[in-house]
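Undergrad: This is a predicted model, with the sequence first.
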Amino acid sequence: MIGYRLMVLALIHYTTGSRVGTRGWRPKIQAVMGDLIITNRDRLLSAREWEGRLMERIERLASVLVAEKGFQRMDPDPGDLAAVEQIGLLAEPPPFGFVGTRRHWWQPTTIALVDADGLDLAGMERFAARFFALIYGQYSIAGTYGLLCFVFEGPPTPAIIEHVRNLKRSRYKVYMAAWTVDLSTGRVIPHRWGPFGVYPGRAYIEEAIRRS
């Protein structure tokens with residue numbers, strides 16, 4: 001709001017200064033406008049650097065899950081007609097940072113990492129709906145698990161943490177849990193109650209964060 005008022009004031013002085021005798025103010029206001037432009041540019045660059053750093057950490061965490069836990073990056077075959085819906089769920093913007101799948105105790109297990117900084121509650125709901133549709137549509141096997149991790153570079157608010165905990169879903173014994181991953185503290189806040197024994201486990205992800 002302050003920046004907007006200064007820009008309006010600058011425009012008024014710039015266009016009327018020669019008529020109202022404020023010619024001396026024009027250089028000062030032009031300097032203020034220049035500072036505002038530089039400040040906004042720096043903020044934009046900082047936001048981009050922040051987002052890039054978060055994506056790098058998500059990719060490092062994904063690489064650990066692939067190397068140590070055997071998750072395979074989900075990359076559907078475009079020639080497989082049965083995978084058309086799956087491809088759409090993965091490709092729909094905004095994209096998942098990582099989706100990996102494997103079998104654990106002979107049951108399909110899928111994990112997804114999402115860049116959650118700046119994501120609103122409705123956006124989280126959409127990610128949860130897409131991910132559950134993905135695991136349910138791909139397997140529909142009793143005992144299938146999906147773990148959706150919302151990854152934050154900065155500490156999320158208690159309201160966001162509570163919202164994520166309530167995003168878990170189930171249908172015909174296909175289960176999805178949603179966790180908050182706080183990179184700033186190395187903490188993972190899981191869902192409440194069941195499903196239990198979600199792979200690869202809270203303790204492992206926290207330990208992987210420290211190493212990634």
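TA: Happy to help now that I have it.
Undergrad: got a list of what residue 131 touches?
TA: Applying Cβ atoms under 8 Å, 6 or more residues apart in numbering, we find residue 131 in contact with 89, 96, 110, 112, 146, 148, 176. Yep, even glycine has a C-beta here, placed from its N, CA and C like the rest.
Undergrad: Just give me the least confident of those.
TA: Within the contacts of residue 131, residue 89 has the lowest pLDDT, namely 68.
Undergrad: how much space is there between the closest residue to residue 57 other than its chain neighbours and residue 175?
TA: Excluding its sequence neighbours, the residue lying closest to residue 57 (Cβ to Cβ, 6 or more residues apart in numbering) is residue 183, at 5.9 Å. Noted for residue 183: a distance of 25 Å to residue 175, by Cβ to Cβ, to the nearest Å.
Undergrad: of those two, who's got more company?
TA: The neighbour comparison of residue 183 against residue 175 (other Cβ atoms under 10 Å) goes to residue 175, with 23 against 19.
Undergrad: Just the buried positions in whichever helix or strand residue 131 is part of, please.
TA: Assigned by DSSP states H and E, residue 131 belongs to helix 121-138. Residues 124, 127, 128, 130, 131, 132, 133, 134, 135, 136, 138 are the ones in helix 121-138 that count as buried (16 or more other Cβ atoms under 10 Å).
Undergrad: Could you verify my assumption that the first one touches residue 163?
TA: Yes: the pair formed by residue 124 and residue 163 meets the contact definition of Cβ atoms under 8 Å, at 6.5 Å.
Undergrad: Do you know the pLDDT at residue 29?
TA: 49.
Undergrad: And the one 3 residues further on, by the same measure?
TA: Per-residue confidence at residue 32 stands at 49 (pLDDT).
Undergrad: With neighbour count, secondary structure and distance to residue 157 as extra columns, can I get the contacts of residue 131 in TSV?
TA: Below are the contacts of residue 131 laid out as TSV (neighbours: other Cβ atoms under 10 Å; DSSP: H, G, I helix; E, B strand; the rest coil; distance: Cβ to Cβ, whole Å):
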residue	neighbour count	secondary structure	distance to residue 157
89	20	helix	28
96	20	coil	23
110	22	strand	27
112	26	strand	22
146	28	strand	25
148	28	strand	19
176	27	strand	23
